[in-house]
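> model this:
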Amino acid sequence: MEISKHQKTALVFGGSGLVGGFVLRQLIAHPAYKRVVSFGRRKLDLKGEGLEQHVIDFDKAADYQHLMEGQDVFSCLGTTMAKAGSKAAFYKVDFTYAYETAKAAAAAGANQLMLVSSVGADPESLFFYSRVKGELEAAIRELPLWGMHIFQPSLLLGPRQEQRLAEQLAVRLTRGVAPYIRGKVMGKYRPVEAEDVAKAMIAVAQGLQPGQIIYDSEAIHEIANAGTRLLR
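Numbers count the residues shown, from 1 in each chain. I've put the predicted structure just below:
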C-alpha cells in the first residue's frame, strides 16, 4: 500500500506515559507526519506544528472513531498494578482501553499499528501481567490491519514521574549491565531505553511492512540505533 510521504497522520494513545511521551515528541519533529493526533484523559503540556489533542472517555472509545482518521496508530497505553490498585482496574487499562482504541482506529481506516507490549506476553501465562499482555496481542491480531508491529521490551529505562530510591539505584545498575545482555536467548531480556522504543516504533512505521511482526528488546535496540533499517 502506497502512502504519500510527508502527508501521513499519526494517532497516539497513551502519550502521557513513559514511551508514549517520547513517541509524541519524536512524531511532532518527524518529516513524514503532517498531523499528530493524541488521545488522552487530559491535555498535555506539549505543543508542536500539526499536533492535535483530544480529551476522551476511554470507556466510550468508539464514540471518538470519527476523530481517528489516520494511517499509523501508536498504542502506548498501560499502567502498573500499583497505580491501578486492583487487577480489574489494571485489566481495564492494559487490555480493554488498548483494544477498544485500536479497534476504533482500525474501523476508521488505519493501516498499521505499533503496539507496546512486554517481554513474556502470553495468554496462557501463570503471571497476571504477562497473561493480560498476551491476551491483548491475541485480540489485536484479529483486527483488519495490514501491518501489525508488536514491541516487547524488557525493563524500560527512562525518566519516570514517580520513582523510589530503590528503583533509581536498580536503574543505574541495570544501565551498567544492559550492554552485556545479548544473543537470541538472553537478548530479549535486555533492558531498553524508553526513548529507543519510541525511535524503533517510528522507524518501523516508515518501513510499511505488511503482516504481523514482533520485536524484542535486542531488536528494538538495534532498530533504534540503525535508523530506518528493519529487522525481521
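
> what number of residues lie near Ser130?
18 (other C-beta atoms under 10 Å). From N, CA and C alone the C-beta is placed, and that goes for glycine too.

> contacting residues around it?
Contacts for Ser130 (C-beta atoms under 8 Å, 6 or more residues apart in numbering) come out as 118, 120-122.

> go on, Gly78?
Residues near Gly78 by C-beta under 8 Å, 6+ apart: 14, 17, 93-94, 98, 116.

> circling back to that earlier point, can I have the buried ones of the contacts of Ser130 as a PyMOL selection?
Applying 16 or more other C-beta atoms under 10 Å to these, the buried members can be selected in PyMOL as follows:
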select buried, resi 118+120+121
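
> helix or strand next in line after the top strand by length along the chain, which one?
Across the chain, the longest stretch assigned as strand under DSSP state E is strand 33-40. Counting by DSSP states H and E, the element after strand 33-40 in chain order, helix or strand, is strand 51-55.

> next, the angle from that following strand to strand 33-40.
20 degrees (axes from the mean of the first three to the mean of the last three C-alpha atoms, to 10 degrees).

> for the protein, which segments count as strands?
8-13, 33-40, 51-55, 72-75, 112-116, 147-152, 156-157, 192-193, 211-216.

> for the second one, which strands pair with it and how are they oriented?
In the sheet containing strand 33-40, the strands it pairs with under DSSP bridges are strand 8-13 (parallel), strand 51-55 (parallel).

> same deal with the last one?
For strand 211-216, the pairing partners within the sheet under DSSP bridges are strand 147-152 (parallel).

> the strand it pairs with - what's its average pLDDT?
What strand 147-152 shows for mean pLDDT is 97.

> run the angle between it and strand 112-116 for me.
Using the same axes, to 10 degrees: strand 147-152 against strand 112-116 is 10 degrees.

> what lies in contact with strand 147-152?
Residues contacting strand 147-152 (C-beta under 8 Å, 6+ apart): 111-121, 137, 140-141, 188, 197, 200-201, 204-205, 208-217, 220.

> just the buried residues from those, in PyMOL please.
Filtering the contacts of strand 147-152 down to the buried ones (16+ other C-beta under 10 Å) takes a single PyMOL command:
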select buried, resi 111+112+113+114+115+116+117+118+119+120+121+137+140+188+197+200+201+204+205+208+209+213+215+216+217+220
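
> show me where pLDDT drops low in the protein?
By pLDDT under 70, the weakly predicted segments of the chain are 1-6, 160-188, 227-232.

> can you rerun that using 90?
1-7, 47-49, 80-82, 155-191, 207-209, 225-232 (pLDDT under 90).

> where along it do the helices fall?
18-29, 81-84, 87-91, 98-107, 128-140, 165-177, 183-186, 194-207, 217-226 (DSSP state H).

> now those in JSON lines, with distance to Gly147?
Output for those, formatted as JSON lines (distance: least, C-beta to C-beta, whole Å):
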{"stretch": "helix 18-29", "distance to Gly147": "16"}
{"stretch": "helix 81-84", "distance to Gly147": "30"}
{"stretch": "helix 87-91", "distance to Gly147": "27"}
{"stretch": "helix 98-107", "distance to Gly147": "11"}
{"stretch": "helix 128-140", "distance to Gly147": "12"}
{"stretch": "helix 165-177", "distance to Gly147": "32"}
{"stretch": "helix 183-186", "distance to Gly147": "25"}
{"stretch": "helix 194-207", "distance to Gly147": "8"}
{"stretch": "helix 217-226", "distance to Gly147": "15"}
